[in-house]
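>>> my questions are about this predicted structure, shown below with the sequence.
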Amino acid sequence: MNYTVVLPAAGSGKRMKADKNKLLLELFGKPIFLYTLEVFQKDPNCDAIWLAVKEQERGLIENYVKRYNLTKVQGYATGGTERQDSVRACLEAIPPCGVVLVHDAARPFIDKEVIVNLVEKAHTSGAAIAAVPVKDTIKKAENGIISETVDRDQLWMIQTPQAFRYSLILEAAQKAHNDGFMGTDEAMLVERLHYPVAIVESTYENIKMTTPDDLIYGRAILESRLQ
Ligand code: CTP
Ligand code: MG
């Protein structure tokens, strides 16, 4: 089942504490965002890739896209102040399609099977998001004192990709913008319209390159895949 992918790549990577957008940092000589792009370039079900980028980084990113022959990249949108603004700009720029996948450019290790399952689920039920079961015991604390231990059986750590019917996510993103609502993922924008969002189990390898230690894990994952 085919889909279009929207990749927000217009952040600055403050938590990575590098001197540039973390997506341009290299793992074994290749910038992080290219690993992500290559997953979709190689996926026969992916029709088109759209990127949200910072205006001042567009030239640089376009050059990489040409050099790595990423022929599925069909367009760019200018990213906004918040991730949600970048995603909306991209959603408004893409041609209408059946299913759209929103995926952080900062998650290069997404599994192919998970993508297939997400797209299928979104096709049938409208919205599906990648997630993994919580591993640790989770507690709430007030002023440094535990107030509650939460039952983790029902808890999931949410990742991207998040897959949606195109018309549904466009409506949800535009409504959130008009209402001044800011969520931490796309699913929240759909949930507030009372549409059901399905969970698709993903892998723990699908980390988001966020802090400097993630570079260590990233290298380890790449090394393990060479074996
Ligand atoms: N992103 C974006 N536009 C923004 C902010 C983030 O397109 N205004 C993108 C990032 O480039 C990244 C993805 O959204 O691919 C996930 O965001 P995050 O991991 O938070 O990246 P940054 O915002 O760049 O990092 P930080 O929050 O540490 O500054
Ligand atoms: Mg951020």
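Thanks, I have the structure now. Ligands and ions are numbered 1, 2, ... in the order given.
>>> can you pull the residues of the protein lying near ligand 1?
For the chain, the residues in contact with ligand 1 (C-beta under 6 Å from any ligand atom) are 8-15, 22-23, 52, 79-83, 86, 104-106, 208, 210. Every residue, glycine included, has its C-beta placed from N, CA and C.
>>> apply 5 Å and report the result again.
8-11, 13-15, 52, 79, 83, 86, 104-106 (C-beta under 5 Å from any ligand atom).
>>> please narrow these to those residing in helices.
Those of the residues of the chain next to ligand 1 mapping onto helices are 83, 86, per DSSP state H.
>>> out of the residues of the chain next to ligand 1, which comes closest to ligand 1?
Among the residues of the chain next to ligand 1, residue 11 lies closest to ligand 1 (C-beta to the nearest ligand atom), at 2.0 Å.
>>> do you know how far the residue lying closest to residue 116 once chain neighbours are set aside is from residue 195?
Nearest non-adjacent residue to residue 116, counting by C-beta to C-beta, 6 or more residues apart in numbering: residue 45, 7.1 Å away. Distance from residue 45 to residue 195, counting by C-beta to C-beta, to the nearest Å: 23 Å.
>>> which ones are touching the residue nearest to residue 116?
For residue 45, the contact set (C-beta atoms under 8 Å, 6 or more residues apart in numbering) comprises 1, 2, 3, 115, 116, 119.
>>> list phi and psi for it.
The phi and psi values for residue 45, taken as degrees, to the nearest 10, are phi -80, psi -10.
>>> and if you look at residue 185?
phi -150, psi 170.
>>> I would like the residues contacting stretch 26-40, please.
5, 7, 9, 22-25, 46, 49, 61, 64-65, 68, 70, 72-73, 103-110, 112, 115, 209, 215, 218-219, 222.
>>> out of the contacts of residue 45, which one sits closest to ligand 1?
For the contacts of residue 45, the nearest to ligand 1 is residue 115 (16.8 Å; C-beta to the nearest ligand atom).
>>> which strand or helix spans the closest one?
Assigned by DSSP states H and E, residue 115 belongs to helix 112-125.
>>> could you pull out the strands for this protein?
3-8, 26-27, 30-31, 46-53, 73-78, 99-102, 127-133, 138-142, 145-150, 156-165, 198-201 (DSSP state E).
>>> gap between the second one and the chain center?
By that I understand strand 26-27. Counting by C-alpha atoms, centre = their mean, to the nearest Å, strand 26-27 is centred 19 Å from the centre of its parent chain.
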